[in-house]
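Visitor: Quick check, what structure comes out for this input:
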Amino acid sequence: MRICAIILSVMTFVASVGLGDTVSVGRLPYSNVTITAAEDGTITFKTAGGRSQTKSFADITGILITGLDEFNEAEKLISGSGKSETVKLRKSIEDLGDKIAEIKAKIADVPGEQKRLRESADRIKKQADVYKTNAAEINKQLSELRKIDQALKSKGAKLKAEAKKMMNKARTLSRGNKQKQDQAKQLVNRAKQLLKEAAALDSAGLKASAKQKRLAAQGKRNEAAKIIREKRKDWQKHRDNKGKEYKKLIAEAEGYEKQAKRLADAEARRRTEKAKLGVQISALLSQEKSARKEILKLTREADDFPKVAKAQQEKLGEFVLDLDAKKAKLDQLAGGSQGPSREYAKAIRLYGSAMSQNVTPTQKKVISYRLLNTLEKAGWIDEAATLWLKLAALDKGSDGVIRCRPSKPAPKGDARNAKAIANLKASLSTIRKSPHYSPTLELLARIMLQEGKFADVVTLLSFAKDPNLKVMKAQGMLGMKNYTQAVTVVTDALGRLEHESLSEAMMTRGQALWGQSASITDKKKKEKMMRDAVLDFMRVGTYFPGTPRAGQSLYSTGKIMVSLPVRPNPRAAKKLFQFVSRAYAGTPIGKAAEAELKKLNA
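Guide: Sure, this is the predicted structure:
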């Protein structure tokens, strides 16, 4: 609302300084334009870029004309006129309803809620214990792998230590007699064997041994080459021996390399497995830690819940009071018992004052159409109907002026409805051959239906051929409880109606079928007719969502689903009533849905 007020104040300033007119279509404002014509229910204006635009007055949401201060003030008053506030109130009511329902559900059973919280804590504790057990099992697997690595390292270290002792002892013995020197050679050979065994436990050691063998083989190759160059006695025999030694050393090196690869692959697999197990253990311990925190939180919540419930109960009282206040305010806005109705009355006076000024014929027509729009919003249907008849005569009943025809009667019993009926009836004889004769009949019939003059409507439209008038006629029959004829008449009209008129027609036929079903005694036939009515109501709710008629149709569907004679469906009805009570909170249909919900819950 504040943003709209700022925009309007800026638009008013622009108009006052003579920068051009402003025309708003929906939420789109055309600023700094020049209004060039107003006829046939449309306004034509030229934009700052020189482009000409023609829009129906039915689509116009605001106009500001340079120099017409009173007209501009009237436009400012009616702009928005409670609509945005109503939307906000309905959303606020819906949110409050959700909060209240949530709190009620939560504090309805304090011991039960405490029990639920403690049971949740117990379930999580069991899961935490599972995490801990699984982590311990995986840790055992990890320990086994580490033991294997440690055992291999320990065995290799022992073999190397034993070989070192033997080598030291061999060095001591080598200084003695020939027997001791022989013993020293045996110890050296044994030490070398132990070192080979130690190397076989480690891939790096095996690779080192393979490297040594290859170096030794290269040495034998070099010796063979020298023998060939020098060609000493029996050089061929010596060359062949060196070749055999070379091949033997290469074969040993390749054996070591293959063994080193197998050992390295096994070591890599163990490393990968250890890393994988470590990640699993970390994840399980982290999950256990989170679970323990959640257990502590749930336990505290269970212990503190009585205090929380008491505080929530106090908050619930505040919410209920706030909800009642918002619903009351919404009722006031819907009934026009505050703000907007006073603004409309003031705006109507300002339009009248602007009309009496020295204005051009085009400006006068613009003021008239904007006044017509405001008269209908204010509920002054008698004056709106009279003004529309004048405009229709001026514009020769064009499609544009017919589109601007008022359609909303005053509340039932309002004197303005009676005046409108009298004025419209009086006009019929003079406009019988005019294009706006049928739209005038439709408006007259709509106001008569509002006042409960059902028989008069049926008589008035007895020879009607226009499909929209036939729907009005069916509604009159519906009011007279002549359901069978109502179904026939509205069904005949359905195939020739425009899309925007279909919702009213389907709503009317659904109500007629529902009413007709009451007189059927056969349960299966009765249920079939009631389900046919449901189909019409659901079409309205599906194809025309968000409209007041959609809310009524969904509510009626819920009522039928509860009362089906063969297969009632209260569960589906409950969902429909819940939706309607929230989507149309604060409105009569929303309150009716709330009442039905209470009955079902009881």
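Visitor: And the helices in the stretch 201-350 of the chain?
Guide: Assigned by DSSP state H, counting those that start in this stretch, the helices in the stretch 201-350 of the chain fall at 203-230, 235-335, 340-355.
Visitor: In a markdown table: those, plus mean pLDDT, mean neighbour count and distance to Leu576.
Guide: Where you see a C-beta, it was placed from the backbone N, CA and C, and this is true even at glycine. Output for the helices of the stretch 201-350 of the chain, formatted as a markdown table (pLDDT from 0 to 100; neighbours: other C-beta atoms under 10 Å; distance: least, C-beta to C-beta, whole Å):
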| stretch | mean pLDDT | mean neighbour count | distance to Leu576 |
| --- | --- | --- | --- |
| helix 203-230 | 82 | 16 | 75 |
| helix 235-335 | 82 | 15 | 21 |
| helix 340-355 | 84 | 19 | 31 |
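Visitor: closest one to Leu494 among those?
Guide: Comparing the helices of the stretch 201-350 of the chain against Leu494 with C-beta to C-beta, the closest turns out to be helix 235-335 (30.8 Å).
Visitor: Which among the helices of the stretch 201-350 of the chain is found nearest to Lys365?
Guide: For the helices of the stretch 201-350 of the chain, the distance to Lys365 is smallest for helix 340-355, at 10.4 Å, taking C-beta to C-beta.
Visitor: quick revisit: could you dump the helices of the stretch 201-350 of the chain into CSV with distance to Lys465 added?
Guide: What follows is these, written out as CSV (distance: least, C-beta to C-beta, whole Å):
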stretch, distance to Lys465
helix 203-230, 102
helix 235-335, 36
helix 340-355, 37
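Visitor: among these, which is nearest Leu564?
Guide: Among those, the nearest to Leu564 by C-beta to C-beta is helix 235-335 (31.6 Å).
Visitor: can you point me to the longest strand in this structure?
Guide: strand 28-39 (DSSP state E).
Visitor: Can you list the low-confidence ranges for the stretch 501-602 of the chain?
Guide: For the stretch 501-602 of the chain, residues meeting the criterion pLDDT under 70 lie at 546.
Visitor: which residues in it form helices?
Guide: Ranges of helices in the stretch 501-602 of the chain, per DSSP H, counting those that start in this stretch, are 523-543, 548-563, 570-583, 588-601.
Visitor: Go through the ones you listed and pick out the most buried.
Guide: Across the helices of the stretch 501-602 of the chain, averaging neighbours per residue (mean count of other C-beta atoms under 10 Å) puts helix 548-563 on top, at a mean of 22.
Visitor: for it, packing partners?
Guide: Here helix 548-563 touches helix 499-517, helix 523-543, helix 570-583, helix 588-601, going by 3 or more C-beta pairs under 8 Å, 6 or more residues apart in numbering; DSSP states H and E.
Visitor: can you list the residues that contact that helix?
Guide: With contact meaning C-beta atoms under 8 Å, 6 or more residues apart in numbering, helix 548-563 is reached by 503-504, 507, 510-511, 514, 530-531, 533-534, 536-538, 540-541, 544, 568-570, 572-574, 576-577, 579-580, 583-584, 587, 589-590, 592-593, 596, 600.
Visitor: right, and the helices of the stretch 201-350 of the chain - which one's nearest Thr47?
Guide: Closest to Thr47 of the helices of the stretch 201-350 of the chain is helix 340-355 (C-beta to C-beta; 24.1 Å).
Visitor: Pull out the buried positions in whichever helix or strand comes after that closest one.
Guide: The helix or strand immediately downstream of helix 340-355 is helix 361-378, counting by DSSP states H and E. For helix 361-378, a neighbour-count test (16 or more other C-beta atoms under 10 Å) marks 362-363, 365-378 as buried.
Visitor: Could you point out the helix or strand that follows helix 361-378?
Guide: Past helix 361-378, the next helix or strand by DSSP H and E is helix 381-394.
Visitor: Can I get that following helix in PDB, CA atoms only?
Guide: Extracted in PDB, the C-alpha atoms of helix 381-394 (Å, rounded to 0.1, in the frame of the first residue of the first chain):
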ATOM      1  CA  ILE A 381     -25.800  -0.200  -8.400                       C
ATOM      2  CA  ASP A 382     -28.800   2.000  -9.100                       C
ATOM      3  CA  GLU A 383     -26.600   5.000 -10.100                       C
ATOM      4  CA  ALA A 384     -24.100   2.700 -11.900                       C
ATOM      5  CA  ALA A 385     -26.900   1.100 -14.000                       C
ATOM      6  CA  THR A 386     -28.300   4.500 -14.900                       C
ATOM      7  CA  LEU A 387     -24.900   5.900 -15.900                       C
ATOM      8  CA  TRP A 388     -24.100   2.800 -17.900                       C
ATOM      9  CA  LEU A 389     -27.400   3.100 -19.800                       C
ATOM     10  CA  LYS A 390     -26.500   6.700 -20.700                       C
ATOM     11  CA  LEU A 391     -23.000   5.700 -21.900                       C
ATOM     12  CA  ALA A 392     -24.400   2.700 -23.800                       C
ATOM     13  CA  ALA A 393     -26.900   5.000 -25.600                       C
ATOM     14  CA  LEU A 394     -24.000   7.400 -26.500                       C
END
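Visitor: Next, the angle from it to helix 361-378.
Guide: Put simply, helix 381-394 runs at 150 degrees to helix 361-378, going by axes from the mean of the first three to the mean of the last three C-alpha atoms, to 10 degrees.
Visitor: From the contact counts, what lies against helix 381-394?
Guide: helix 361-378, helix 399-403, helix 415-428, helix 437-450.
Visitor: The third one vs helix 437-450, what angle?
Guide: Angle, helix 415-428 to helix 437-450, by the same axes, to 10 degrees: 150 degrees.
Visitor: Give the rounded mean pLDDT of helix 415-428.
Guide: Helix 415-428 comes out with an average pLDDT of 94.
Visitor: what does that helix rub up against?
Guide: Residues outside helix 415-428 that contact it (C-beta under 8 Å, 6+ apart) are 379-386, 389, 409-410, 437, 440-441, 443-444, 447-448, 450-451, 453.
Visitor: Leaving out the residues flanking it, which one is nearest to Leu142?
Guide: Nearest residue to Leu142 in three dimensions, chain neighbours excluded: Leu277, at 4.4 Å (C-beta to C-beta, 6 or more residues apart in numbering).
Visitor: how about that neighbour, what does it touch?
Guide: Contacts of Leu277 by C-beta under 8 Å, 6+ apart are Ile138, Asn139, Gln141, Leu142, Leu145.
Visitor: Gln450 now?
Guide: Listed by C-beta under 8 Å, 6+ apart, the contact partners of Gln450 are Pro409, Ala410, Lys412, Asn417.
Visitor: switch to 6 Å and redo it
Guide: Pro409, Lys412 (C-beta atoms under 6 Å, 6 or more residues apart in numbering).
Visitor: next one: the one 5 residues further on
Guide: Contact partners of Ala455, counting by C-beta under 6 Å, 6+ apart, are absent.
Visitor: Provide the secondary structure category for it.
Guide: Secondary structure, DSSP: H, G, I helix; E, B strand; the rest coil: Ala455 is helix.
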